[in-house]
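Engineer: have a look at this prediction, sequence included:
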There are 4 protein chains.
Amino acid sequence: MGSRGLDNVVNLEDMRLWARRRLPGVVFDVIDGGATDELTLRANRSAFDQVWFRPRALAPVDVRTTQTSVLRQTVALPVMLAPCGFARLVHPDPERAAARAAAQAGTIYVVPDPPSSSAEEVARAAPSSLWYQLYLPRVRRDAVEKLARVQAAGYETLCVTVDTPVRPMRERDVRNKVKIPLRPSIRLAAAGLSRPRWAKEFLFGRVGGAGVRPYQSLRAYKDLEAVLMKLYPVTRGDLEWLRTEWPGRLVVKGILRAEECEALTALGVDGVVVSNHGGRNLDGVRPTIDVLPEVVEAVNGLAEVFLDSGVRRGADVVKALALGAQACLIGRPYMFGLATAGEAGVSHVLEILKDEIDRTMAQLGCASVAEIDQTMIFRRG
Amino acid sequence: MGSRGLDNVVNLEDMRLWARRRLPGVVFDVIDGGATDELTLRANRSAFDQVWFRPRALAPVDVRTTQTSVLRQTVALPVMLAPCGFARLVHPDPERAAARAAAQAGTIYVVPDPPSSSAEEVARAAPSSLWYQLYLPRVRRDAVEKLARVQAAGYETLCVTVDTPVRPMRERDVRNKVKIPLRPSIRLAAAGLSRPRWAKEFLFGRVGGAGVRPYQSLRAYKDLEAVLMKLYPVTRGDLEWLRTEWPGRLVVKGILRAEECEALTALGVDGVVVSNHGGRNLDGVRPTIDVLPEVVEAVNGLAEVFLDSGVRRGADVVKALALGAQACLIGRPYMFGLATAGEAGVSHVLEILKDEIDRTMAQLGCASVAEIDQTMIFRRG
Amino acid sequence: MGSRGLDNVVNLEDMRLWARRRLPGVVFDVIDGGATDELTLRANRSAFDQVWFRPRALAPVDVRTTQTSVLRQTVALPVMLAPCGFARLVHPDPERAAARAAAQAGTIYVVPDPPSSSAEEVARAAPSSLWYQLYLPRVRRDAVEKLARVQAAGYETLCVTVDTPVRPMRERDVRNKVKIPLRPSIRLAAAGLSRPRWAKEFLFGRVGGAGVRPYQSLRAYKDLEAVLMKLYPVTRGDLEWLRTEWPGRLVVKGILRAEECEALTALGVDGVVVSNHGGRNLDGVRPTIDVLPEVVEAVNGLAEVFLDSGVRRGADVVKALALGAQACLIGRPYMFGLATAGEAGVSHVLEILKDEIDRTMAQLGCASVAEIDQTMIFRRG
Amino acid sequence: MGSRGLDNVVNLEDMRLWARRRLPGVVFDVIDGGATDELTLRANRSAFDQVWFRPRALAPVDVRTTQTSVLRQTVALPVMLAPCGFARLVHPDPERAAARAAAQAGTIYVVPDPPSSSAEEVARAAPSSLWYQLYLPRVRRDAVEKLARVQAAGYETLCVTVDTPVRPMRERDVRNKVKIPLRPSIRLAAAGLSRPRWAKEFLFGRVGGAGVRPYQSLRAYKDLEAVLMKLYPVTRGDLEWLRTEWPGRLVVKGILRAEECEALTALGVDGVVVSNHGGRNLDGVRPTIDVLPEVVEAVNGLAEVFLDSGVRRGADVVKALALGAQACLIGRPYMFGLATAGEAGVSHVLEILKDEIDRTMAQLGCASVAEIDQTMIFRRG
């Protein structure tokens, strides 16, 4: 993949459009699509546009920093890379590329469960800036084994996804006859023929640190399939068990209302991600930026609150921070970066966001993220 | 009719689009259209989209059921088939097909008055899962006779429609020069020639259990015409009389505000259907999902409250339940199912809805319909 | 003009579209257009669509009437014909045609000042169902003379327009190079050539009761011009004077807020027309249906309140009545009726509205206009 | 440039469209564009359309005046010309043309810092009706020097811009590869070839009072570049220093919320401009007409409040006045006037606005700007 085209990527939507040209349509839709009517997918964006800025004039913002911390770790900007399950579709070695780009940008990458190569290989790529996302195995013995393996690989923070009790309905995929995990099919072969560069990388791309392993992607998908097939509703009891078993920091991803928060903080959860899975799971769920304030209030400072789903601009990040988020996560944008320019694409996405956050802070009169408070925004009603 | 195409029907809108290809335009419009400017027709849909979900995380929803009850009868899902008067336009033997599909799905079909065959023939098709819809005859003697016949046929629940005091103005039909009941015309002949399969079924299709009776549809329409020509405003007095005469359960369809509810429950009505007749009668009427809460409050648990008009997604059903409905009814979607694949089409519609309701419940953290309460939704203002 | 095409005119928008085909574009725009950006023109319509119906079920509406009264005179429906200044552009003898159609329909026509023929000739056409609209002459002597003439012609009710202190800016007309009053121009000649039937009627049409008077339209326009050129701000002082001078009933047209109402009723005004001149005078003025409630409250029953601007459906009329109007006036719709089918066109417009009002009342459970109260509607916020 | 086409310029949008035809696309975009997604650019317009008029009827508005005062200086209309930095792109001698047009119209022009010619030359063109806009030099010595020069040139009022702490991100320019200040490039050369008249004026146009100085525009841009390159966040401390140093009147431009206002009035600031820089600096900032009331309240009469950003109609000006502004400023519209017809274009823009303000006042029943109070408008919520 080439990074020359990056010069023309002015914002994250450009990256998406570029990826749309590079990827087979069915693959692009796997990444880009949302649940059923995609109401939430669209609302995630429009909700940000209904939060307005109230800039503070005459503030001393000559020296500014976008630096902040997440779970007491310093990050260079309040943006992390969210775990994305289908990355192998768009890049031969996605997790290690993303890990390196995140480390390079001074932020955190949440490694999806399972990564295309292995938890260990990804960990070696960028040891200090990774969290591990977990679909908690249903069988306790499997869970214990997995936790031990993750811990042994060096991960200190676990991000457990709790918003996918069943396989979601994404109608684009159904219409595209895409079965995830991807299986050989005439339609896919046709897609590959129309995008030979993508096909070559998909089939023969080198995964992980080892040598060329053709068709390895198929093995990687077998692992992913094993996880997806076993999706089940994680309960509060499961979480209690996990909190006992896992010695590191624990983040719960997929909270969308206040009612569950007290139990989470009582449990000793370190972080909560307000997420609607990018509008990919249940259509009609409220946009996360609208839900954020009630979660922040309910968590009451006893854990850090993060937000994802629909973040496409530095301004979105600043709005979330003003409403109480500690940081945001992005998913699709860096996936599109991987699809177009690999690691350099991810880096470019993070650079754009950092620059946009910095400009927004300057214009708002905020020299540090600590100064981004509620008075910076206005929302009707 | 073939059911092969059902594989491509992912949601209820697909069914509509398929029916639009299969039916003559004027016939499609009879089913699809609404009153005058179709403001209510559109608002019925957009109002659902303004009710947002608040999913409960970490709930034990491993085992779920969409089962519930209507008027103390168990149904496999909180969706019933509404009475639709023009079904003979799209299928040769519609009521018996719908009755079988409803029974098969474990739910209730409200037989329209009059059905294309006869109340008795439909009743024999699926005895235990039918209600009978009634346009109460104006002349008491006719009414007594009809009630006796309905009762003798085995119907235990009567659903009396009270929202059609006059023939409504549907401008699509006027522009299409469609007179309902349908009469032979050049335009209709042209429509038939362009859709010969439809024309053959319409003219020669077998109605009811008896042998082939060509042109029987014309007789069926004569009956329907007799009813439609006698439409008049059913009053509270009529309803009191009906309640005295009819020994079974009584449901009143077409209530749109709180003021009338106390009188209805005082009368001993068993159920109330919040309905704007699918936006087909008075344009500018509020969407039913907006009206539902005030009716639920006014009925105050003394009758069951049902909702129709605009239900197209399992999520819509769940939203109605969260706002207090006992179940929903669908009309056009199963009519389109009849038009495309007959009984199998209706079954497919019910299967889609059941699957969507189940997924929505899983994502919301509700293992049973009893758990779908008001905290599951959010509406602005 | 032919009335055959009336069969295809299902609603008032159809009439507009027909008129658009028949009239030269520049003439259509004179009638159809609004002030500057036409914000109010559009808002007049959309505001009606934001008033929703709450039908009363089970009401005895078997026998219904749209009859009501305006200023103690019985009218067959709560719709009057508003005064429209440029009617001679679309019909050779517009005021007498409108007067006859109004009388025929059992309602009132407000004759514009000055009519194309003469106040006297119009009065003779339909003596009992006319009001006379007045642009009060600035010079008292002229005013006295005019009032005497109007009174002598038999008019008992005067409707004085107070919302046109200056010539309004209608950008369609400016772009069309239309000077009102219309003067011979190349562009107009071209328009005439493209619509020869219109041109013939415009130039040679017979005005009033006398014989053919070619080019008489030009004289008619000279009179209109004289009035338009003298437009000035009518003040409360002028109105006090008028109230003293005019012995008949007095209606003030063009009130848009509560503040002025008390003074008007103190003065002994009989009626107030909430009007923004069809969105033709000041762009950005609130829609009349939004303003109506505050005027009704301020007038406090001491005068009758009427409404115009944007009424296109019987449902609109019913909404206005529910919010306290005694009746509505329509302008453009009957002008388009004149343009297409003359008197028959106006009659058709009134028939459509009457039918729509009747159906709406039936569906709302209102047997008479007196039953159309505030509980029949719902508006957000 | 010719002023013949002005006859077809009915409103300010016409002027924009004409300029779009005359200017190279990249130059038009420099003037027309806004920050990032241009949300604020669009909201600036739509927010005005959500303020509705409530006209007062029967007011004596026969004699009207749009005259008012700004900082105790009489102006013929409540509209000033805002400082615009890139004027040299559209006109060879823009500031002197604008100054003359403003003086001719009886209003004030805020000369941008630095003008294409020199502060002194512009001052000589129209001595009594100019303010000087300042990007306060960061180095105090430079600032002292500049203030002395401005004062010596005769400017009595300084308008210091405080809303541009960093170079803003305007994606149209980035995509157009426009570097501001403009440098020779192939793309620019191509633009020039396609618009030779523009190119000739840009390259050889005479700037200021001296003779023809080819390529002088490049020098002018060097000066502008020097200022833009030194953009930095002006702080309250800087403003205190400026207030001490500058003996004349001081206006602060770029205030968007109440919190800063008390400090400004305590400092002795004479005027505050509610401005979001025409939506060009930070996207997502609230529209100025929405922000105006809180600033007016906070300033509490201790300074005059002005408004810019999105003013395109006389009605917009009247709305701002009703909400407490003393006057408005326009930017892009007069830039487009310069681009099309030079000084005559600017004059035409001001004439249109004056006429629109006058008509609006007449229709509202306001004989003077003092009568434009809050009762004249309505806004939802």
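Structural biologist: Okay, I see it.

Engineer: residues contacting the residue of the stretch 201-350 of chain A found nearest chain D?
Structural biologist: The stretch 201-350 of chain A approaches chain D most closely through A:Ala315 (5.1 Å), counting by CB to the nearest CB. Where C-beta positions appear, they are placed from N, C-alpha and C, glycine not excepted. Remark: with contacts taken as CB atoms under 8 Å, 6 or more residues apart in numbering or on different chains, A:Ala315 is in contact with A:Phe48, A:Phe53, A:Glu356, A:Thr360, D:Thr36, D:Leu282, D:Asp283, D:Gly284.

Engineer: try A:Gly331
Structural biologist: With CB under 8 Å, 6+ apart, A:Gly331 has these contacts: A:Leu81, A:Ala82, A:Pro83, A:Cys84, A:Gly278, A:Asp308.

Engineer: right, and the last one touches A:Gly279 too?
Structural biologist: Okay, so that is A:Asp308. No: using CB atoms under 8 Å, A:Asp308 is not in contact with A:Gly279, being 10.7 Å away.

Engineer: if I look at the closest residue to chain D within the stretch 101-250 of chain A, how far off is chain B?
Structural biologist: Going by CB to the nearest CB, chain D is nearest to A:Ala105 of the stretch 101-250 of chain A, at 19.3 Å. Using CB to the nearest CB, to the nearest Å, A:Ala105 is found at 30 Å from chain B.

Engineer: the nearest residue to that residue once chain neighbours are set aside: neighbour count?
Structural biologist: The shortest distance from A:Ala105 to any non-neighbouring residue, by CB to CB, 6 or more residues apart in numbering or on different chains, is to A:Leu350 (4.1 Å). Neighbourhood size, A:Leu350 [other CB atoms under 10 Å in any protein chain shown]: 25.

Engineer: and A:Leu350, helix, strand or coil?
Structural biologist: helix (DSSP: H, G, I helix; E, B strand; the rest coil).

Engineer: any idea how many residues pack against A:Pro55?
Structural biologist: 25.

Engineer: enumerate the residues of chain A near chain B.
Structural biologist: Within chain A, the positions near chain B by CB under 8 Å from any CB of the partner chain are A:36-37, A:39, A:162-163, A:165-166, A:168-169, A:171, A:174-175, A:232-239, A:252, A:254-257, A:259-260, A:263, A:281-286, A:291, A:381.

Engineer: buried ones among those?
Structural biologist: A:36-37, A:39, A:162-163, A:165-166, A:168-169, A:171, A:232-236, A:238-239, A:252, A:254-257, A:260, A:281-286, A:291 (16 or more other CB atoms under 10 Å in any protein chain shown).

Engineer: tell me the pLDDT at A:Gly205?
Structural biologist: Here the pLDDT value assigned to A:Gly205 is 72.

Engineer: for A:Ile31, which non-adjacent residue is closest in space?
Structural biologist: A:Met335 (5.2 Å).

Engineer: got the buried residues for the host helix or strand of the one you found?
Structural biologist: Using DSSP states H and E, A:Met335 sits in helix A:332-364. Neighbour-count burial for helix A:332-364, with 16+ other CB under 10 Å as criterion, is recorded at A:332-350, A:352-354, A:356-364.

Engineer: the stretch 201-350 of chain A: strands as residue ranges?
Structural biologist: Taking DSSP state E, counting those that start in this stretch as the test, the strands found in the stretch 201-350 of chain A are A:249-255, A:271-274, A:304-307, A:327-330.

Engineer: how close does the residue of the stretch 201-350 of chain A closest to chain D get to A:Met376?
Structural biologist: 11 Å (CB to CB, to the nearest Å).

Engineer: who touches both of those two?
Structural biologist: A:Phe53.

Engineer: and the helix holding A:Met335, what other elements does it pack with?
Structural biologist: The contact analysis (3 or more CB pairs under 8 Å, 6 or more residues apart in numbering or on different chains; DSSP states H and E) places helix A:332-364 against helix A:12-22, helix A:25-32, strand A:51-53, strand A:79-81, helix A:94-105, helix A:314-322.

Engineer: redo that, cut-off 7 Å
Structural biologist: When contacts are defined as 3 or more CB pairs under 7 Å, 6 or more residues apart in numbering or on different chains; DSSP states H and E, helix A:332-364 sits against helix A:12-22, helix A:25-32, strand A:79-81, helix A:94-105, helix A:314-322.

Engineer: and the third one, which residues are buried?
Structural biologist: By neighbour count, with 16+ other CB under 10 Å as the criterion, the buried positions of strand A:79-81 are A:Val79, A:Met80, A:Leu81.

Engineer: same question for the second one.
Structural biologist: Residues of helix A:25-32 classed as buried under the neighbour-count rule (16+ other CB under 10 Å) are A:Val26, A:Val27, A:Phe28, A:Asp29, A:Val30, A:Ile31, A:Asp32.

Engineer: then the first one?
Structural biologist: For helix A:12-22, the neighbour count (16+ other CB under 10 Å) marks A:Leu12, A:Asp14, A:Met15, A:Arg16, A:Trp18, A:Ala19, A:Arg20, A:Arg22 as buried.

Engineer: and the last one, what does it touch?
Structural biologist: Just to be clear, that refers to A:Arg22. A:Trp198, A:Ala339, A:Thr340 (CB atoms under 7 Å, 6 or more residues apart in numbering or on different chains).

Engineer: residues in contact with the last one?
Structural biologist: A:Thr340 makes contact with A:Met1, A:Gly5, A:Met15, A:Trp18, A:Ala19, A:Arg22 under the criterion CB under 7 Å, 6+ apart.

Engineer: excluding its backbone neighbours, what's nearest it?
Structural biologist: That would be A:Trp18: by CB to CB, 6+ apart, it lies 4.8 Å from A:Thr340.

Engineer: A:Gly314 too?
Structural biologist: Once flanking residues are discounted, A:Gly314 sits nearest to A:Glu356: 2.5 Å by CB to CB, 6+ apart.

Engineer: for that neighbour, give its distance to A:Ala327.
Structural biologist: 15 Å.

Engineer: element containing the closest residue to chain C within the stretch 251-381 of chain A?
Structural biologist: Going by CB to the nearest CB, chain C is nearest to A:Gly381 of the stretch 251-381 of chain A, at 9.7 Å. Per DSSP H and E, A:Gly381 falls between elements, in no helix or strand.

Engineer: what does the pLDDT read for it?
Structural biologist: A:Gly381 is given a pLDDT of 71.

Engineer: same check, this time on A:Trp198
Structural biologist: On pLDDT, A:Trp198 comes in at 86.

Engineer: and it, that's in a strand?
Structural biologist: No: remark: A:Trp198 does not belong to a strand; assigned using three-state DSSP, it is helix.
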